[in-house]
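A.B. asks: Predicted model and sequence follow; I will ask about them next.
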Amino acid sequence: MNETAHTLGASGTFWELIERRAALTPDRPVLIQDDRTLTFGELRSRCERVAAGLWGMGVRPGSVVAWQLPTRIETVLLSFALTRIGAVQSPVIPFYRDREAGFALRESKAGFFAVPGAWRGFDHTAMAHRLAAEAEHPPLVFEAYESLPDGDPSVLPPPPADGTAVRWIYWTSGTTSDPKGVLHTDRSLIAGGSCLAHALRLSADDVGSVAFPFAHVGGPDYAVMLLLYGFPAVLFEHFAMPDALEGYRRHGVTVAGGSTAFYSMFLTEQRKAPDRMLIPTLRLLAGGGAPKPPEIYHSVVREMGIQLTHGYGMTEVPMITMGAPDDTTEHLAETEGRPPEGMEIRITDEDGKPLPYGTDGEVRLRGEAVCKGYLNPEASAAAFDADGFLITGDVGHVEASGHLVLTGRLKDIIIRKGENISAKEIEDLLHRHPGVGDVAVIGLPDPERGERVCAVVEQPAGAAPLTLPEITGYLRAEGLSVHKLPEQLEVVAALPRNEALRKILKYRLRERFSTPGPPGVRGHLMGPSGD
């Protein structure tokens with residue numbers, strides 16, 4: 001890590017990080033979107049004006065502000081303005097609808113809710129007012145898309161000085177049907193972002209890119225990298241290939257990625273013109289959040305002529321391990337990389353006893369980048385062991401070199417394009433369908449999405465045969481977000497169960513349907529969330 005980044009990395013709060021970078025390189029660009037560019041100095045001054053505008057609306061230190069906004073310069077400004085005040089912010093992924101957004105508002109007890117208005121054919125403002133009308137304490141709804149609150153910064157109190165206070169609530173889905181509110185501090189997010197930047201060997205000469213929702217926990221992670229190393233990032237409000245290529249080429253992006261789905265999309269475009277570099281300035285694809293098949297790594301290196309580094313993270317711990325550009329080919333293709341200094345990985349047996357190198361067990365984590373727990377106190381108590389390690393539910397082993405290999409998950413979640421999807425939430429909804437006797441929702445390996453959602457259904461006697469469009473239409477009518485819709489349907493005579501409690505054996509279903517077979521009743525729904 002260079003000296004400037006090391007000094008900035010000692011910051012206790014996000015706002016301190018912003019002020020220090022603005023003082024060091026005020027005229028260097030930080031955010032680029034289409035024809036607009038914002039410098040580090042402008043970032044600081046505009047955030048203060050937005051913070052003053054929010055103050056005028058009643059936002060105070062500790063106020064809970066939920067925001068559901070696309071990846072735009074205005075979104076970053078709003079988020080950082082909230083850090084200037086010391087508010088608690090609860091980002092909500094833009095494609096969430098009434099079920100998830102309503103749950104986040106209720107559980108966080110948000111007093112304010114920022115939305116983009118009508119965006120990509122959906123009226124977020126109407127939804128926000130709908131949800132507010134149902135709330136015991138309705139939040140103040142306001143739009144924050146092309147314009148933001150504005151005011152005189154002289155009204156603001158001093159910025160917060162405590163970087164260990166909980167000021168971020170991110171939402172994840174685990175083995176239960178409802179999301180969990182993950183509690184982060186400025187320090188935990190700064191720790192994750194600084195470790196990520198150091199692992200990738202980034203410098204002030206790089207040009208990054210944010211093609212994923214800034215409302216994802218990766219948003220502040222990436223922002224920390226920009227502030228530490230003083231390089232800009234190109235923002236993509238809606239990422240779609242091949243349209244996005246013009247932005248990458250025009251602004252000279254050197255580092256791109258996001259997750260396995262992004263790698264596959266870049267590869268698809270490269271294969272259309274194999275004799276020329278897809279993006280001449282690009283030198284590195286990097287990401288995480290979803291399984292990465294080794295063949296994806298080898299294809300990127302071979303066909304695109306650039307490096308690919310993949311890592312392991314989760315909403316609770318944004319940066320756990322990361323492949324480094326100087327790792328061996330085997331390590332980059334077959335492992336999740338190594339943890340940074342300060343991140344402890346413990347592999348344990350089912351009783352929590354540490355296991356030796358090379359032995360599969362449950363992955364447990366301890367370090368500054370680990371969250372402070374969950375909004376639900378019971379979930380928090382169950383999430384950490386007696387030594388303060390976060391119990392991830394993931395299974396893997398650590399090699400003698402320190403590289404982590406993940407081999408499975410205990411938690412029943414599906415990771416599609418970097419987003420966690422609860423199988424139980426989908427199952428609970430499908431159980432109410434008259435054509436479903438019993439159902440198991442599983443994740444199957446997918447080279448483009450990491451995993452795809454597959455519903456395996458056991459129908460009651462005499463029921464009309466189910467089709468994939470029928471169940472996806474039903475789930476959409478029930479309010480399920482489109483990115484969670486099953487992409488494959490399998491109808492079976494009987495679901496496999498154990499002999500003791502008659503629990504469904506999902507691992508048998510994964511084994512059976514991971515291998516392509518005769519079409520039968522299976523089908524694929526292409527494009528429910530913009531694929």
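C.D. replies: Great, that's in hand.

A.B. asks: Where does the residue of the chain positioned farthest from its centre sit: helix, strand or coil?
C.D. replies: Most distant residue from the mean C-alpha position of the chain: Gly462, 42.3 Å away (Cα atoms, centre = their mean). Put simply, Gly462 is coil when judged by DSSP: H, G, I helix; E, B strand; the rest coil.

A.B. asks: give me every residue that touches it.
C.D. replies: With Cβ atoms under 8 Å, 6 or more residues apart in numbering as the criterion, no residue contacts Gly462. C-beta coordinates here come from the backbone N, C-alpha and C atoms, glycine included.

A.B. asks: what's the spacing between it and Leu489?
C.D. replies: Shown here: Gly462 relative to Leu489, a distance of 19 Å by Cβ to Cβ, to the nearest Å.

A.B. asks: same check, this time on Gly41
C.D. replies: In terms of Cβ to Cβ, Gly41 sits 54 Å off from Leu489.

A.B. asks: ok, the two, which is more surrounded?
C.D. replies: Regarding Gly41 and Leu489, a neighbour count based on other Cβ atoms under 10 Å identifies Leu489 as having more, with 22 against 16.

A.B. asks: Provide the backbone phi and psi angles at that one.
C.D. replies: The phi and psi torsions at Leu489 (degrees, to the nearest 10) take the values phi -120, psi 130.

A.B. asks: Once you drop chain neighbours, what's closest to Met319?
C.D. replies: Closest residue to Met319 apart from its sequence neighbours, by Cβ to Cβ, 6 or more residues apart in numbering: Gly192 at 3.9 Å.

A.B. asks: Over to Leu200?
C.D. replies: Leaving aside its sequence neighbours, Leu200 sits nearest to Ala286 (Cβ to Cβ, 6+ apart; 5.7 Å).

A.B. asks: Next, count neighbours for that neighbour.
C.D. replies: Other residues near Ala286 number 23, with proximity taken as other Cβ under 10 Å.

A.B. asks: Give me the secondary structure label for it.
C.D. replies: In three-state terms, and counting by three-state DSSP, Ala286 is strand.

A.B. asks: Next, find the distance separating it from Thr260.
C.D. replies: From Ala286 to Thr260 the distance is 12 Å (Cβ to Cβ).

A.B. asks: Near the spatially closest residue to Glu368 that is not a sequence neighbour, how many residues? Count them for me, please.
C.D. replies: Computed as Cβ to Cβ, 6+ apart, the closest residue to Glu368 that is not its neighbour in sequence is Ala191, at 4.1 Å. Ala191: 25 surrounding residues under other Cβ under 10 Å.

A.B. asks: Show the contacting residues for Ala191.
C.D. replies: Contacts of Ala191 (Cβ under 8 Å, 6+ apart): 319, 342, 367-369.

A.B. asks: which of these tops the neighbour count?
C.D. replies: That'd be Met319 among the contacts of Ala191, by other Cβ under 10 Å, with 30 neighbours.

A.B. asks: Is that residue within a helix or a strand, and which one?
C.D. replies: Assigned by DSSP states H and E, Met319 belongs to strand 317-322.

A.B. asks: Can I get that strand in CSV, CA atoms only?
C.D. replies: Extracted in CSV, the C-alpha atoms of strand 317-322 (Å, rounded to 0.1, in the frame of the first residue of the first chain):
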residue,chain,number,x,y,z
VAL,A,317,-18.0,-9.3,5.6
PRO,A,318,-17.5,-7.5,2.3
MET,A,319,-13.9,-8.6,1.8
ILE,A,320,-12.7,-12.0,3.2
THR,A,321,-10.2,-13.2,0.7
MET,A,322,-9.1,-12.1,-2.7
